[in-house]
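Q: the sequence and its predicted three-dimensional model are supplied below.
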Amino acid sequence: MLDDYIEARKAGMRQYRRAVLAGVSPYPPVLDEILQGVDVRGEYPVGLAEIPLDKVVGTRSVGRTNAFSSGFMPILKEGSEFASKWSSLYDSQLEEGIRDPIKVYEFMNLFYVQEGNKRVSVSRYVGAKSIMADVTRVVPKKSDDKDVRIYYEFLDFYKVAPIYDFSFSTEGAYKAFAEEVGQNLTDPWPSNVIENVKASFANFARIYHSRAGRREDVTDGDAFLVYLHIYPLESLFHDSDALIRERIDKLWNEIQAERGGAELIDTPEKADKAEKADNNGIAQAMRDFLGRSSSYTKENPLRAAFIYAKDAKSSAWTYGHELGRSAVQNEFGGAVDTIYFDHCDSDEAVRHAVDACAADGDAIVFTTSPVMMAETLRCAIHYRNIQFMNCSVNMSSGAVRAYYGRMHEAKFLMGAVAAIAAGNHKIGYLADYPIFGSVASINAFAEGALLVDPRAKIHLKWSTVKGTDWRKEFQDEGVYVISGPDMIKPEDPSREYGVFQCDMEENVRNLAAPVWNWGQYYRRIIQSCLDGRQSAADAGNKAINYWWGMEAGVIDVILSEKLPYPTRRLVQILREDICRGTLSPFDGAMRGQDGEMIRKENDPKVTGEEIVTMNRLVDAVEGSLPRVEDLNDEAQKTAAVSGLVR
């Protein structure tokens, strides 16, 4: 019917005028033009697939492009031959549906029509969500471009789960999604799982759009994955629309934060400014509503809880945090009351601990392992009047603030000490978890070593790789100066920690060790709560990561008194320059193991995000990142949350 064409054209002309006013092309984009200058690996047939209409964005060639608005609504006049054919196709669609698949080219997860423009137009007009298509894939060559890297992750996903319905905008999201639904990216997914995923996503998207509308800065897939971090897939089948909509409302800040990434706040002073900026009238009203007092006393102390995966006797990591908790307990004259829960090595144990914290009226909860992040986030969504902190870095959560130390600064100094002691230019480095920041620590150690010995070679081993015997491997390679575990276990008499030197009789001499001053870290965070500059009411749609270092006094290096004075003096000079901000371990040129430059001499100063996400080892390092399947169970869990290998 021509009446429907007239209505469709009106919609098309509205889209056309909006595009013109915005200064962009009013027509569908053309793939041939997009591909000009793009390095393409090739074209590959995918075959018949049901594709979402909202991902059909353009045409393969110019052809009839000017017959449609950018949203594929018709814009040619009613009396044209095109209008007549469109109307006939519309009538056929109503009576018989679209029988023949369209032909499209897929590039970077979007579709460009070669045959079937009018079928796309009519289908969109009648409100269809998908259409059958014969798909040919145009694959770009691999590059360091983030979008290309994510696209190659999609290709791995599509091999095991041929789903075009949603996409993600962050690296690692496809693997994370597979894990959320109990699958992986190596084995084909069962057909029933694929159907359940598609149906649950369709229901989520319907409710999500009714709540928030479509947003350009948040993909439906991003929002879907945030939902699945908290609630199971089955809930989208069994629970009511009203309940799902309520959950999405609670998760809205998390959805926004996931897209925005994490903001690294690298000094306490910047943290103070950020907290003051957030401390607006709305937040104060929320605190008043929650009955939070800004003045804490012995009679009305601020209650803070610390949740540990292990205990202080068996874990050096837990022992360090427990020292920090004890320092806070004794710092504020009774105005702060702390409690700890240990052996919380499962989601259930963390949840029980947090339930106890809520019953006790705790205002702030510290979870001290990245593995606890997922359950911490679930608890933060549920207990919105508690401020949650997780000891990790590069975590994108608005409800949970992360905190960690710039350990690479200490490693830089330790590398210099090790290189001075290693007469054969061979230095061992024992790493533990391949998580965010670990590659930066390895590279910083190497750069510190190269500063005093350009011939230094760093022999890299991983303590969490199954079946490894790093002591024997170092011995076989003639490595006698080693950077070992950062801390000693309280009940372990071994001196193999920090930078140490072994002789042929396996006697150990400690040279230097890093120091985590968690007491200083926790004191500063607790003080901001006492001052009313931080509370759960301030949680917004931006992920805040505290990432403090030597300048803040939360990281340091202790040196053996037996080291020569010139060595100790050199370390002191380097330390002072780092604290002043006049020296970075990553100043100047850096070459990767593949011979390509990671950084050139005159490149801009390396950013915090670049340091945290560093995933390429410098050429002085002999070794590599382990495969996730080679890690022990504990390391695999940690890597799954904040790992560089997936």
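A: Perfect, thanks for sending it. Numbering: from 1, shown residues only.

Q: the stretch 451-600 of the chain: strands as residue ranges?
A: 457-462, 481-483, 499-502, 508-516, 543-548, 555-559, 590-591, 597-599 (DSSP state E, counting those that start in this stretch).

Q: looking at the ones you listed, which is buried most?
A: Mean neighbour count (mean count of other C-beta atoms under 10 Å) peaks for strand 481-483 among those, with a mean of 27. Quick note: C-beta positions are derived from backbone N, CA and C, even for glycine.

Q: which outside residues touch it?
A: Identification of contacts with strand 481-483 by C-beta atoms under 8 Å, 6 or more residues apart in numbering yields 411, 414-415, 418, 421-422, 426-430, 445, 474, 496, 498-502, 511.

Q: so which of the strands of the stretch 451-600 of the chain gets nearest Arg99?
A: Nearest to Arg99 among the strands of the stretch 451-600 of the chain is strand 543-548; the distance by C-beta to C-beta comes to 48.1 Å.

Q: where's the closest residue to Glu331 other than its chain neighbours relative to Gly553, distance?
A: Sequence neighbours aside, Arg523 is the residue nearest to Glu331 in space, at 5.6 Å (criterion: C-beta to C-beta, 6 or more residues apart in numbering). Separation of Arg523 from Gly553 (C-beta to C-beta, to the nearest Å): 10 Å.

Q: report all helices and strands that the helix or strand hosting Tyr404 contacts.
A: Using DSSP states H and E, Tyr404 falls within strand 400-405. The helices and strands touching strand 400-405, judged by 3 or more C-beta pairs under 8 Å, 6 or more residues apart in numbering; DSSP states H and E, are helix 373-382, strand 387-391, helix 518-530, strand 543-548.

Q: can you put those in CSV and add mean pLDDT and distance to Thr607?
A: Shown next, in CSV, are those (pLDDT from 0 to 100; distance: least, C-beta to C-beta, whole Å):
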stretch, mean pLDDT, distance to Thr607
helix 373-382, 91, 23
strand 387-391, 95, 22
helix 518-530, 92, 22
strand 543-548, 89, 11
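
Q: of all those, which one comes closest to Glu629?
A: Using C-beta to C-beta, the helices and strands packed on strand 400-405 put helix 373-382 closest to Glu629, at 21.0 Å.

Q: got the buried residues for the closest one?
A: Met373, Ala374, Glu375, Thr376, Leu377, Arg378, Cys379, Ala380, Ile381 (16 or more other C-beta atoms under 10 Å).

Q: Throw those residues into a markdown table and include distance to Glu263, thanks.
A: Below are the buried residues of helix 373-382 laid out as a markdown table (distance: C-beta to C-beta, whole Å):
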| residue | distance to Glu263 |
| --- | --- |
| Met373 | 17 |
| Ala374 | 21 |
| Glu375 | 23 |
| Thr376 | 18 |
| Leu377 | 17 |
| Arg378 | 22 |
| Cys379 | 22 |
| Ala380 | 17 |
| Ile381 | 20 |
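
Q: closest to Trp516 out of those residues?
A: Met373 (19.0 Å).

Q: low-scoring stretches of the stretch 401-550 of the chain, by residue?
A: 493, 533-542 (pLDDT under 70).

Q: before we move on, back to that, keep only those of the contacts of strand 481-483 that are in helices.
A: Among the contacts of strand 481-483, the ones falling in helices (DSSP state H) are Lys411, Met414, Gly415, Ala418, Ala421, Phe445, Phe474.

Q: determine which two of those residues are furthest apart.
A: Pairwise across those, and taking C-beta to C-beta, the largest span is found between Lys411 and Phe474, at 17.8 Å.

Q: between the two, point out the one with more neighbours.
A: Set Lys411 next to Phe474 and count neighbours by other C-beta atoms under 10 Å: Lys411 wins out with 29 against 22.

Q: let me see the contact set for that one.
A: Counting by C-beta under 8 Å, 6+ apart, Lys411 has contacts Ser441, Ile442, Ala444, Phe445, Gly448, Ser483, Pro514, Pro585.

Q: show me the contact partners of the helix or strand that contains Arg149.
A: Using DSSP H and E, Arg149 sits within helix 146-160. With contacts defined as C-beta under 8 Å, 6+ apart, helix 146-160 is touched by 108-109, 139-140, 142-143, 163-164, 167-175, 177-178, 183-189.

Q: again, only using 7 Å
A: Helix 146-160 has contacts (C-beta atoms under 7 Å, 6 or more residues apart in numbering) with 108-109, 140, 142, 167-169, 171, 174, 185-189.

Q: quick one: the following helix or strand past that helix to chain centroid distance?
A: Sequence-wise, the next helix or strand downstream of helix 146-160 (DSSP H and E) is helix 173-180. Chain-centre distance of helix 173-180: 12 Å, with C-alpha atoms, centre = their mean, to the nearest Å.

Q: in helix 173-180, which residues are buried?
A: Ala173, Tyr174, Lys175, Ala176, Phe177, Ala178, Glu180.

Q: tell me the confidence at the closest residue to the second one other than its chain neighbours?
A: It stands for Tyr174. Nearest residue to Tyr174, sequence neighbours excluded (C-beta to C-beta, 6+ apart): Phe157, at 4.2 Å. If you check Phe157, the pLDDT there is 97.

Q: please report how far Val621 lies from Gly428.
A: Applying C-beta to C-beta to Val621 and Gly428 gives a distance of 11 Å.

Q: the more surrounded of the two?
A: Taking other C-beta under 10 Å, Val621 and Gly428 do not tie; Gly428 has more neighbours (26 against 21).

Q: list the residues that contact that one.
A: Gly428 touches His459, Lys461, Phe474, Val479, Val481, Ile482, Ser483, counting by C-beta under 7 Å, 6+ apart.

Q: so what pairs up with the fifth one in the strands?
A: The partner list for Val481 in beta bridges (DSSP bridges) reads Gln501.

Q: try the second one
A: In this structure, Lys461 has the following beta-bridge partners (DSSP bridges): Leu430.

Q: make residue 1 into 52 and carry on from there
A: Sure thing, new numbering starts at 52, so read that last one as Lys512.

Q: hang on, isn't it packed against Gln526?
A: No. Using C-beta atoms under 7 Å, Lys512 is not in contact with Gln526, being 11.6 Å away.

Q: and for stretch 280-287, what are the contacting residues?
A: Val232, Asn247, Ser251, Asn254, Phe255, Ile295, Arg298, Leu302, Ala425, Leu428, Arg429, Ile432.

Q: go again using 8 Å as the cut-off
A: Contacts of stretch 280-287 (C-beta under 8 Å, 6+ apart): 231-232, 247-248, 251-252, 254-255, 278, 295, 298, 302, 305, 425, 428-429, 432.

Q: can you map out the helices along the stretch 252-401 of the chain?
A: 271-281, 286-289, 292-311, 319-329, 332-341, 367-380, 398-411 (DSSP state H, counting those that start in this stretch).

Q: turn these into CSV, columns for mean pLDDT and mean neighbour count.
A: What follows is those, written out as CSV (pLDDT from 0 to 100; neighbours: other C-beta atoms under 10 Å):
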stretch, mean pLDDT, mean neighbour count
helix 271-281, 91, 21
helix 286-289, 92, 14
helix 292-311, 79, 18
helix 319-329, 65, 16
helix 332-341, 37, 14
helix 367-380, 95, 20
helix 398-411, 97, 17
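
Q: got these as CSV, with distance to Leu72 columns?
A: Formatted as CSV, the helices of the stretch 252-401 of the chain follow (distance: least, C-beta to C-beta, whole Å):
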stretch, distance to Leu72
helix 271-281, 27
helix 286-289, 38
helix 292-311, 26
helix 319-329, 34
helix 332-341, 34
helix 367-380, 56
helix 398-411, 51
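
Q: distance of Ser397 from Asp300?
A: Counting by C-beta to C-beta, the gap from Ser397 to Asp300 is 29 Å.

Q: circling back to that earlier point, and the helices and strands packed on strand 451-456: which comes nearest Glu660?
A: Using C-beta to C-beta, the helices and strands packed on strand 451-456 put strand 594-599 closest to Glu660, at 9.8 Å.

Q: and the closest one, which strands flank it?
A: strand 313-316 (parallel), strand 451-456 (parallel).

Q: most tightly packed of the ones you listed?
A: strand 451-456 (a mean of 26).

Q: can you list contacts of that one?
A: 313, 424, 427-428, 431, 438-446, 488, 567, 572, 576, 594-600, 605-606.
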